[in-house]
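Engineer: I would like to see how this sequence folds:
(2 chains)
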There are 2 protein chains.
Amino acid sequence: MARAAAGPVPVVVMGLGFIGQEIARAALASPEVELIGAVDTSPQLVGQPLAEVLGQPTSKLKVADSLERALGRRKGVVLLHATGSRLPQVMDQILDAVKLGVGVVSTCEELAFPFLKHPELAAKLERAAQKAGVAVLGTGVNPGFIMDRLVATVGQVCGPVRRVTVTRVVDARTRREALQRKVGAGLTEDEFFALVDKDQLGHVGLVESAALCALGLGMDCDDYEEEVAPVFAEEDISGGAFPVRKGRVAGIFQSVVGLEEEQERVRLELTIAVGAEDPKDRIEIDADPKLVVEIPGGVAGDRATANTLVNAAPRLTAAEAGLLTVLELPAGR
Amino acid sequence: MARAAAGPVPVVVMGLGFIGQEIARAALASPEVELIGAVDTSPQLVGQPLAEVLGQPTSKLKVADSLERALGRRKGVVLLHATGSRLPQVMDQILDAVKLGVGVVSTCEELAFPFLKHPELAAKLERAAQKAGVAVLGTGVNPGFIMDRLVATVGQVCGPVRRVTVTRVVDARTRREALQRKVGAGLTEDEFFALVDKDQLGHVGLVESAALCALGLGMDCDDYEEEVAPVFAEEDISGGAFPVRKGRVAGIFQSVVGLEEEQERVRLELTIAVGAEDPKDRIEIDADPKLVVEIPGGVAGDRATANTLVNAAPRLTAAEAGLLTVLELPAGR
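Structural biologist: Coordinates of the predicted model:
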């Protein structure tokens, strides 16, 4: 029986935004990893005690301004990377880490399945990772879990899959203010679509999930159709980071449909809105047998994302070198 | 990105009982495997056309009396094995297959985690599989999926796990007559416990699931307590393979509790009874965040078991040689 190497895996966190801080906390809580460094380039953070940044006195680390400095002489380190959603944005950071012999687990949504939108960057990463003998992985809750990895796992009990539908409904009031703004809460319809046109609004990674979902269930989609629409507040909504008046945008509805020869095979529907009713995750697989899986309340986004990164780190050191997807990760810790 | 070898994986089914037949049907339906043989030692079956045994005209195979004969000259074959629940019963069949260079995926419940009850047989299998360069795996729905692999996968979004509870309720009327008898339906209380004492009644594999569950969630149980109790019919129950009168045994309630230093960490509860109300699978993980996953109606046992074997076969040819558990399988097809 293959087992991971004994002892906790040394990890460094890069990017101390909201999610990066959650990752640092999750790493400190896990017996499977040892947090040996934290990196951020913001002048307000460099040199600060991590304990102060996190409001958690257990760490004695200080924030470094580069990965090299954070690594010191440690070997076999995995970078927990949380600095951006788009692959072109973060490509250099990941390549630099790989060249230092460091494996990378990243929240970068487009890295979850880079073969679709960035095949050349994916090939470059694959070559670099193989050459350095390390593994690179994009993960998180969405993409990375609810709409892809979990679906593929559940599909192991099914015969050939005809169609899959995954629905995720998140009440944005349970999430940070930045996310409430990111889904357009409080905007007018015109403001909403102006931001959609500028690519400044909406969830990144849904089409990557759809591609992973298809691959993981053995389906062969040749086209993906994406749609973004506002969800409007049907009454005044309070309880979020700011009130949203009736008639204003409460959040976003986003869907991707994966098609095979014009037949719908994959449908992913994501609603993130303040006051969204009946928050949950739901997977419905049309196969033999048919299967419905529900997570009442849904998987909590931010903390769960941090856990997926931390839990993946030890798996990475046991994996083959190269560019991985979550479909290749084993089930266990 | 690692991918399985191109082309379907050749598989042979051994054991053409109810589950073995389901496996053969699932193999015929899957584009990922090619059914090249079927083996059974029963004189009524040897030499018969598989198409007739299955009531499915698509196959041109005949039932062979030995694996060697079924293999012919094919290489890289995986055996889908369904002849028994106890490892000592089936050990020789598995060893023989391994020595022929054949990987094995088996429904043998004790093989799902043989390190607990049969550490010596496990070590022997591990050595033989490594020497032959093939992989050996025990899987199915239970053990193999609902109470272990799925739990470990879901736990990837959680921090350190304090406690996990998995509940599975099966209305035995939806299952074959042999299963209804296996859980004691129709017996008196005395008859029930007489069979329990003779180890002839009850579900095999629950403690194996508990051990996998603990391992997969990073918990360290040092003791497992198992309990078997009858479920009584509260009224006359019809709709099964035979009627069950009020007051008679309707089925079984079985539980395993995994303890770490006398603290309960894992609780698995399985009810299989004719007329069981609200059939479902439910996983509850007490961690950060807390998580509940429900499968309304539950995963259908027999067909789903067959699918887990067929879907695992291509993964086996890509895996490292040795004795595997489902925790090491990747999520995707």
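
Engineer: Please enumerate the helices of chain A.
Structural biologist: Listed in chain order, the helices found in chain A under DSSP state H are A:18-29, A:50-54, A:67-71, A:87-99, A:119-132, A:149-154, A:177-182, A:189-197, A:206-216, A:301-318.

Engineer: Make a markdown table out of these and add mean neighbour count and distance to A:Gln44.
Structural biologist: Every C-beta, even on glycine, is put in place using the N, C-alpha and C of the backbone. Conversion of the helices of chain A to a markdown table gives the following (neighbours: other C-beta atoms under 10 Å in any protein chain shown; distance: least, C-beta to C-beta, whole Å):
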| stretch | mean neighbour count | distance to A:Gln44 |
| --- | --- | --- |
| helix A:18-29 | 23 | 14 |
| helix A:50-54 | 18 | 10 |
| helix A:67-71 | 17 | 17 |
| helix A:87-99 | 19 | 19 |
| helix A:119-132 | 16 | 31 |
| helix A:149-154 | 28 | 35 |
| helix A:177-182 | 17 | 17 |
| helix A:189-197 | 15 | 27 |
| helix A:206-216 | 26 | 32 |
| helix A:301-318 | 24 | 21 |
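
Engineer: Ok, which of those helices comes nearest A:Lys290?
Structural biologist: helix A:149-154 (11.6 Å; C-beta to C-beta).

Engineer: Pick out the least confidently modelled helix or strand of chain A, by mean pLDDT.
Structural biologist: Least confident helix or strand, chain A: helix A:177-182 with a mean of 90, by mean pLDDT, DSSP states H and E.

Engineer: what's it in contact with?
Structural biologist: With C-beta atoms under 8 Å, 6 or more residues apart in numbering or on different chains as the test, helix A:177-182 has contacts from A:18, A:172-173, A:186, A:201, A:240-242, A:251, A:272, A:274, A:301.

Engineer: From these, keep the buried residues only.
Structural biologist: Applying 16 or more other C-beta atoms under 10 Å in any protein chain shown to the contacts of helix A:177-182, the neighbour count classes A:18, A:172-173, A:186, A:201, A:240-241, A:251, A:272, A:274, A:301 as buried.

Engineer: Contacts only, for A:Thr308.
Structural biologist: A:139-141, A:144-145, B:156-157.

Engineer: which phi and psi does the closest residue in space to it that isn't next to it in sequence have?
Structural biologist: Once flanking residues are discounted, A:Thr308 sits nearest to A:Thr139: 5.1 Å by C-beta to C-beta, 6 or more residues apart in numbering or on different chains. Main-chain torsions, A:Thr139, degrees, to the nearest 10: phi -150, psi -170.

Engineer: if I look at A:Thr139, how far off is B:Pro119?
Structural biologist: Taking C-beta to C-beta, to the nearest Å as the measure, A:Thr139 falls 34 Å from B:Pro119.

Engineer: quick check, stretch A:246-260 touching chain B?
Structural biologist: No. Using C-beta under 8 Å from any C-beta of the partner chain, stretch A:246-260 never reaches chain B; the gap is at least 13.3 Å.

Engineer: so A:Glu320 touches A:Ala135, yeah?
Structural biologist: Yes. When contacts are counted by C-beta atoms under 8 Å, A:Glu320 is listed as touching A:Ala135 (6.9 Å).

Engineer: Which one's more surrounded, these two?
Structural biologist: A direct count of neighbours by other C-beta atoms under 10 Å in any protein chain shown for A:Glu320 and A:Ala135 places A:Ala135 higher, at 25 against 12.

Engineer: hmm, stretch A:289-305 touching chain B?
Structural biologist: Yes. Residues of stretch A:289-305 contacting chain B under C-beta under 8 Å from any C-beta: A:289, A:291-297, A:299-300, A:303-304.

Engineer: I should have written stretch A:211-224 there, sorry.
Structural biologist: Yes. Against chain B, stretch A:211-224 shows contacts by C-beta under 8 Å from any C-beta at A:212, A:215-218.

Engineer: cool, and stretch A:127-137?
Structural biologist: No. Stretch A:127-137 does not reach chain B (C-beta under 8 Å from any C-beta); its nearest approach is 10.0 Å.

Engineer: hmm, who's touching that stretch?
Structural biologist: Counting by C-beta under 8 Å, 6+ apart, A:94-95, A:98-99, A:101-106, A:111, A:125, A:312, A:316-317, A:319-326, A:329 sit against stretch A:127-137.

Engineer: Of these, which are in range of chain B?
Structural biologist: Among those, chain B is touched by A:312, A:320, A:322-326, A:329 when using C-beta under 8 Å from any C-beta.

Engineer: Enumerate every residue touching the closest residue to A:Glu32 other than its chain neighbours.
Structural biologist: In space, and not counting its chain neighbours, A:Glu32 is closest to A:Pro314: 4.9 Å by C-beta to C-beta, 6+ apart. Neighbouring residues of A:Pro314 by C-beta under 8 Å, 6+ apart: A:4, A:8-9, A:32-33, A:333.

Engineer: before we move on, what about A:Arg176?
Structural biologist: Taking C-beta under 8 Å, 6+ apart as the test, what A:Arg176 contacts is A:18, A:241, A:302.

Engineer: same check, this time on A:Thr325
Structural biologist: Contacts of A:Thr325 were listed using C-beta under 8 Å, 6+ apart, and they are A:112-113, A:137-138, A:212, A:215, B:1, B:332.

Engineer: now the stretch 1-150 of chain A, which segments are flagged as low pLDDT?
Structural biologist: A:1-6 (pLDDT under 70).

Engineer: Now A:Leu206. Nearest residue, chain neighbours left out?
Structural biologist: A:Val256 (4.8 Å).

Engineer: hey, what's that neighbour bridged with?
Structural biologist: Bridge pairing for A:Val256 (DSSP bridges) gives the partners A:Glu226, A:Leu268.

Engineer: Please report the distance of A:Ala97 from A:Lys60.
Structural biologist: 23 Å.

Engineer: Over to A:Pro289?
Structural biologist: Distance of A:Pro289 to A:Lys60, given as C-beta to C-beta: 53 Å.

Engineer: of those two, who's got more company?
Structural biologist: A:Pro289 (17 against 8).

Engineer: Just give me the neighbour total for the residue lying closest to the more buried one once chain neighbours are set aside.
Structural biologist: Leaving aside its sequence neighbours, A:Pro289 sits nearest to B:Ala300 (C-beta to C-beta, 6+ apart; 4.2 Å). When neighbours are defined as other C-beta under 10 Å, B:Ala300 has 20 of them.

Engineer: Most widely separated two among the residues of stretch A:289-305 next to chain B?
Structural biologist: Farthest pair in the residues of stretch A:289-305 next to chain B (C-beta to C-beta) is A:Pro289 and A:Arg303. Separation: 33.0 Å.

Engineer: What's the separation between the residue nearest in space to the middle of chain A and chain B?
Structural biologist: Most central in chain A under C-alpha atoms, centre = their mean is A:Gly140, positioned 2.9 Å from the mean C-alpha point. Going from A:Gly140 to chain B by C-beta to the nearest C-beta, to the nearest Å gives 10 Å.

Engineer: for A:Ala122, same thing?
Structural biologist: 8 Å.

Engineer: Now for that residue: which residues touch it?
Structural biologist: A:114-115, A:323.

Engineer: Try it again at 10 Å.
Structural biologist: Contact analysis of A:Ala122 by C-beta atoms under 10 Å, 6 or more residues apart in numbering or on different chains lists A:87, A:110-111, A:113-116, A:136, A:323, B:1.

Engineer: Out of the contacts of helix A:177-182, the closest to chain B would be?
Structural biologist: A:Gly301 (9.5 Å; C-beta to the nearest C-beta).

Engineer: Now do stretch A:299-311: distance to the chain's middle.
Structural biologist: With C-alpha atoms, centre = their mean, to the nearest Å as the basis, stretch A:299-311 stands 8 Å off its chain's centre.
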